[in-house]
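Sequence and predicted structure are below.
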Amino acid sequence: MASPLDRRSFLIRGSAAAAGLLLTAGCGVRGPRAGTPAPIPSLRLPPVQAAEDRIIRTVAGLRPYRPSGFVVDAVRFDETTVIHNYGHGGGGISLAWGSSTLAVERARETGHRTFAVLGCGIMGLTTARLLQDSGFQATIYARDLPPHTTSNVGGGQWSPFSVSEAHATDANYERTFERAARLSHRYYQDLVGPRYGVRWLHNYSLRNAPPSPRSGPIADLFKDEEVLGPGEHPFGAPYASRFTTMMVEPNRFLPAVMDDFLLRGGRIVPREFHSLQEVLALEEEGVVNCTGLGARALFGDQELVPVKGELVILLPQPEVDYILLGGGGYMFPRSDGIVLGGSQEHGEWSLDPSPGVAERILERNRETFQAMYTS
Ligand SMILES: Cc1cc2nc3c(=O)[nH]c(=O)nc-3n(C[C@H](O)[C@H](O)[C@H](O)COP(=O)(O)OP(=O)(O)OC[C@H]3O[C@@H](n4cnc5c(N)ncnc54)[C@H](O)[C@@H]3O)c2cc1C
């Protein structure tokens, strides 16, 4: 049996390991200028003050992870169709609008007019809104409502990775993934602004060696990617690749979408389900299952496992307007705080703090930010 330490690891979101993507110099990616002395970095970025007395909270969440990827599928039970939309691992915020669009496409094939949406995290809320836009009547049933869902814990970088394992997926899933990612990326663009807490940000990914160009089916969604070499950026690592992607602030986004749903006549019913029979007894003609990790017990999906992540939230620093991926973790600047994270514990169900994890997250970030402007 693996020890708890074996099951714990840190990731760099959007990194080669997480995304199956690598970066090295060349091929349209600007590299460092060879043979010239390192100039003083003209790029001035404010460091994060990663200090213990700036911590305002630490939180933990369980990513609903399936090695073979998320499920969007319709299953018929006598009169009722259950459409699944769950299991998005560490990329559910990124994939939400797209995956829910695919679920609503399946809803249109059923002939049903009314749907119960199980779950009020990001998948349930986006599904319910899109059902309304397609003329369906939707009611949300959920055990937990925002701000008490896993979706509220999520960091919020638009980066649909850590969602599956390459060896466990098939070509059909890869097509579904690409479609969901592209649809979602496009949908979020129309929500940029303070109301939904969506904005475009520069991301810096620190590297020891010049990275190769990003590849893969959605590489083009990471805009402006270029490699900054020694002297071209203020970080301690020799190289930093920079690209632009969106940041979604869950604590703004989820209440805004919930308001939109209610304003359009939607109903939210707090309720926990304990069996399929209870679900099939609902009055609605169809059901969309957006229960995240809850689908394991409710629908018997044994492949679905938790991947626990902890976040350390520091006092906000409004002047910090970039994402940093490096030092074994990440930093996301949000209006509700500076979010430091990057831990992954496969198969861990407890939401209690794991020994040493928050301390390690803070320490790694302290080292990363103290190293700025020193080389
Ligand atoms: C630390 C951390 C960082 C993350 N960072 C990112 C990121 O930067 N970018 C990104 O794209 N993703 C990120 N994620 C992943 C993302 O948060 C999840 O994939 C996403 O929130 C899953 O959404 P969901 O709606 O499926 O599940 P949830 O938010 O868990 O919602 C499930 C809903 O179903 C309800 N439910 C469950 N079981 C039952 C039941 N039996 N009866 C009734 N109701 C039930 C729950 O109460 C809840 O309302 C992160 C996750 C974590 C934990």
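Happy to help now that I have it.

Can you pull the residues of the stretch 251-375 of the chain lying near the ligand?
272-273, 290-294, 298, 309, 311, 341 (CB under 6 Å from any ligand atom). Placement of C-beta: from N, CA and C, glycine included.

Assign a three-state SS to the residue in the stretch 201-350 of the chain positioned nearest to the ligand, would you?
Taking CB to the nearest ligand atom, the ligand has its nearest neighbour within the stretch 201-350 of the chain at residue 294, 2.1 Å off. Following DSSP: H, G, I helix; E, B strand; the rest coil, the label given to residue 294 is helix.

can you count the residues close to it?
22 (other CB atoms under 10 Å).

mind listing what it touches?
118-119, 143 (CB atoms under 8 Å, 6 or more residues apart in numbering).

and the ligand, which of those residues reach it?
Applying CB under 6 Å from any ligand atom to these, those adjacent to the ligand are 118-119, 143.

By neighbours, which of the residues you listed wins?
Top of these by neighbour count (other CB under 10 Å): residue 118, with 30 neighbours.

Counting neighbours, what do you get for the spatially closest residue to residue 315 that is not a sequence neighbour?
Closest residue to residue 315 apart from its sequence neighbours, by CB to CB, 6 or more residues apart in numbering: residue 54 at 4.7 Å. Residue 54 has 17 neighbours, counted by other CB under 10 Å.

got it, and residue 343?
25.

Same check on residue 49?
Residue 49, neighbours per other CB under 10 Å, totals 15.

Close to the ligand: what parts of the stretch 1-150 of the chain are there?
Close to the ligand, as judged by CB under 6 Å from any ligand atom, the stretch 1-150 of the chain has residues 61, 63-64, 86, 88-94, 118-124, 142-144, 149-150.

quick one on the thing from earlier: pick out whichever of the contacts of residue 294 sits closest to residue 197.
Residue 197 lies nearest to residue 119 out of those, by CB to CB, at 20.5 Å.

Can you spell out the domain ranges of this protein, please?
7-32+43-64+203-245+307-370, 69-191+249-303 (automatic domain parsing).

okay, how far is it across the longest one, tip to tip?
Okay, so that is domain 69-191+249-303. 10 Å (CA to CA, to the nearest Å).

First-to-last residue distance for stretch 283-303?
30 Å.

list the buried ones in that stretch?
Neighbour counts using 16 or more other CB atoms under 10 Å place 284-296, 298-299, 301 of stretch 283-303 among the buried residues.

So what does the residue nearest to residue 315 look like in phi/psi?
phi -100, psi 0 (degrees, to the nearest 10).

residues contacting the closest residue to residue 168 other than its chain neighbours?
In this structure, residue 168 finds its nearest non-sequential neighbour in residue 67, 4.0 Å apart by CB to CB, 6+ apart. Residues in contact with residue 67, defined by CB under 8 Å, 6+ apart, are 164-165, 168, 303.

Please repeat the previous calculation with a cut-off of 10 Å.
Counting by CB atoms under 10 Å, 6 or more residues apart in numbering, residue 67 touches 87, 89, 163-169, 303-305.

Check the secondary structure at it for me.
Classified using three-state DSSP, residue 67 is coil.

in this protein, which spans are helices?
4-7, 16-19, 92-108, 122-133, 150-153, 171-189, 250-263, 276-280, 295-299, 357-370 (DSSP state H).

any idea of the pLDDT on residue 20?
The model reports residue 20 with a pLDDT of 30.

same question, residue 327
80.

what's around residue 123, how many residues?
If we define neighbours as other CB under 10 Å, then residue 123 has 33 of them.

In a markdown table, list the residues of the stretch 251-375 of the chain next to the ligand along with pLDDT and distance to residue 130.
Converted to a markdown table, those look like this (pLDDT from 0 to 100; distance: CB to CB, whole Å):
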| residue | pLDDT | distance to residue 130 |
| --- | --- | --- |
| 272 | 98 | 24 |
| 273 | 98 | 22 |
| 290 | 99 | 11 |
| 291 | 98 | 17 |
| 292 | 98 | 17 |
| 293 | 98 | 22 |
| 294 | 98 | 21 |
| 298 | 98 | 22 |
| 309 | 98 | 27 |
| 311 | 98 | 28 |
| 341 | 97 | 29 |
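
circling back to that earlier point, which among the contacts of residue 67 gets closest to the ligand?
residue 89 (5.9 Å).

which residues does that closest one contact?
63-67, 69-70, 95, 160-165, 304-305, 307.
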